[in-house]
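>>> using only what follows, build the 3D model:
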Amino acid sequence: MTQNKTYIQSYCTIQNNEIVLNGTSIFKIEPTAFADFSKQAYRNFDINYPKFFKMDSLSKLAFLGAELLLKSKTELNLSDTELTKQTENNTAILLANKSSSLDTDVKYQESISDKENYYPSPAVFVYTLPNICLGEISIRHQLKSENSFFIFDAFNPEFMTSYANTLLHTNKAERVLCGWVEFFNEEYKSFLCLIGKEENQKYQNETIETLYNK
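This next block holds a predicted model:
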């Protein structure tokens, strides 16, 4: 049954104005609003993707984690120990959170509630579904495999692990980017983990649950 073995390849956590990649803090600033934090992180890693600035906060949060796990170290100026090798486009995405797109939903509701300043912004409306962040990541990295977004009361590592393993064992994907991306009212946490069949003993004593809770 060794052919069914899967391995954690790398992981990234973003919360409290800090980005941790594979257990190493690679970006941290003084407390500030997420809009400012995300902008500074974008510039710090020399990301060149202008559409980033049009995204809502949930999509920016998911995008930054995916960027660090899926892009080459050359483009991000990171060392070999800080970044996994670039993945192929057969990478599935499985994400979940608790608040769905509520943070953006509230902003959109505010734009149509005031009859004196009624302006239903199409730029905001397009992000009133949580799975839009999957599309943003897929477009950026040309991913063509399965992707799904789920709503749970809390991170569900058993579900994510089982779903990811099924995709890998049935050859529906070569790698799976899975995790938790929660954003509401400036409270946020992103935990993304790349799982694949390529042997990697670095995290053999870890699970996505233990990495999430670090």
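>>> and the residue nearest to residue 125 when sequence neighbours are not counted, how many neighbours?
In space, and not counting its chain neighbours, residue 125 is closest to residue 108: 5.7 Å by C-beta to C-beta, 6 or more residues apart in numbering. C-betas here are computed from N, CA, C, even on glycine. By other C-beta atoms under 10 Å, the residues close to residue 108 number 19.
>>> can you list phi and psi of residue 108 for me?
phi -70, psi -40 (degrees, to the nearest 10).
>>> what sits against it?
120, 121, 124, 125, 128 (C-beta atoms under 8 Å, 6 or more residues apart in numbering).
>>> at 10 Å what do you get?
56, 101, 120, 121, 123, 124, 125, 126, 127, 128 (C-beta atoms under 10 Å, 6 or more residues apart in numbering).
>>> now do it against residue 154, distance only.
26 Å (C-beta to C-beta, to the nearest Å).
>>> likewise for residue 175?
For residue 175, the distance to residue 154 - C-beta to C-beta - is 25 Å.
>>> more crowded one of those two?
residue 175 (26 against 10).
>>> and the nearest residue to that one once chain neighbours are set aside, how close does it get to residue 91?
Closest residue to residue 175 apart from its sequence neighbours, by C-beta to C-beta, 6+ apart: residue 196 at 4.1 Å. Using C-beta to C-beta, we find residue 196 at a distance of 9 Å from residue 91.
>>> what do the two both touch?
With C-beta under 10 Å, 6+ apart, residue 196 and residue 91 have common neighbours 173, 174, 175, 176, 177.
>>> so who does the closest residue to residue 91 other than its chain neighbours touch?
Excluding the flanking residues, the one nearest residue 91 by C-beta to C-beta, 6+ apart is residue 175, at 4.6 Å. Shown in contact with residue 175 (C-beta under 10 Å, 6+ apart): 6, 9, 69-70, 84, 87-88, 90-93, 143, 145, 164, 167-168, 194-198.
>>> count of neighbours near residue 125?
Residue 125 has 15 nearby residues by other C-beta under 10 Å.
>>> pLDDT score for it?
On the pLDDT scale, residue 125 is placed at 73.
>>> repeat that for residue 83.
40.
>>> start to end distance for stretch 49-60?
Length of stretch 49-60, first residue to last, C-alpha to C-alpha, to the nearest Å: 11 Å.
>>> show me which residues of that stretch are buried.
52, 55, 56, 57, 58, 59, 60 (16 or more other C-beta atoms under 10 Å).
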